[in-house]
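Participant: Have a look; sequence and predicted model below, questions after that.
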Amino acid sequence: MKLAHTIQTVFARFLTLGLNFGLIILTANVWGSTGRGIIALLIADLSIVVFATHIFAGGAVSFFASKYPPKLILRYAYIWSTIVGIVFPIGLSLLHKIDYLFYLVTLSVISSMFSSNTNLFIGLKKIKFFNTYTIL
């Protein structure tokens, strides 16, 4: 059983890697180097925000998954993700000009909630759901 989960996870990671590589090639051809630069800045800012949301909506969700009901855990994780996903991008916009603030806020909240769900699947040992969710 564990070998099957390991193989599924490796397959899911390679599939995700291939899809991401294809996305990079596509965006480079469509938007050129300027577009890729803007995307890189967006991803850098998004990484900072998601790092902050992982304080309570990351590994803590996995840890508490077996101790508390999933609805309760996700409720607090979603609240934290929403608050930090809105406040941190606004704070970043005070440090440097961000032309894509709406997109950064939207992607921050969605990415943080997505991460909360995947961490819950890991905590509940639902590896198939985790692999399927990460491919999407």
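Facilitator: Received, thanks.
Participant: give me the number of residues near Ser33?
Facilitator: Ser33: 8 surrounding residues under other CB atoms under 10 Å. Backbone N, C-alpha and C define where each C-beta goes, glycine included.
Participant: can you tell me which helix or strand it belongs to?
Facilitator: Secondary structure assigned from DSSP states H and E places Ser33 in helix 2-57.
Participant: Return the distance of Ser93 relative to Gly35.
Facilitator: Counting by CB to CB, to the nearest Å, the gap between Ser93 and Gly35 amounts to 21 Å.
Participant: Settle it for me: which of the two has more neighbours?
Facilitator: When Ser93 is set against Gly35 and neighbours are counted by other CB under 10 Å, the residue ahead is Ser93, at 16 against 13.
Participant: and the gap between the closest residue to the more buried one other than its chain neighbours and Thr134?
Facilitator: Closest residue to Ser93 apart from its sequence neighbours, by CB to CB, 6 or more residues apart in numbering: Leu101 at 5.3 Å. Taking CB to CB as the criterion, Leu101 is separated from Thr134 by 27 Å.
Participant: Find the centremost residue of this protein, please.
Facilitator: Among the residues of the chain, the smallest C-alpha distance to the mean C-alpha position (CA atoms, centre = their mean) belongs to Ser111, namely 3.6 Å.
Participant: list the contacts for that one?
Facilitator: With contacts defined as CB atoms under 8 Å, 6 or more residues apart in numbering, the neighbours of Ser111 are 46, 50.
Participant: what comes up buried for the strand or helix carrying it?
Facilitator: Taking DSSP H and E as the definition, one finds Ser111 inside helix 101-123. Taking 16 or more other CB atoms under 10 Å as the neighbour-count basis, helix 101-123 is seen to contain the buried residues 104-105, 107-109, 111-113, 115-123.
Participant: could you give the angle of that helix to helix 2-57?
Facilitator: Here helix 101-123 runs at 130 degrees with respect to helix 2-57, directions being taken by axes from the mean of the first three to the mean of the last three CA atoms, to 10 degrees.
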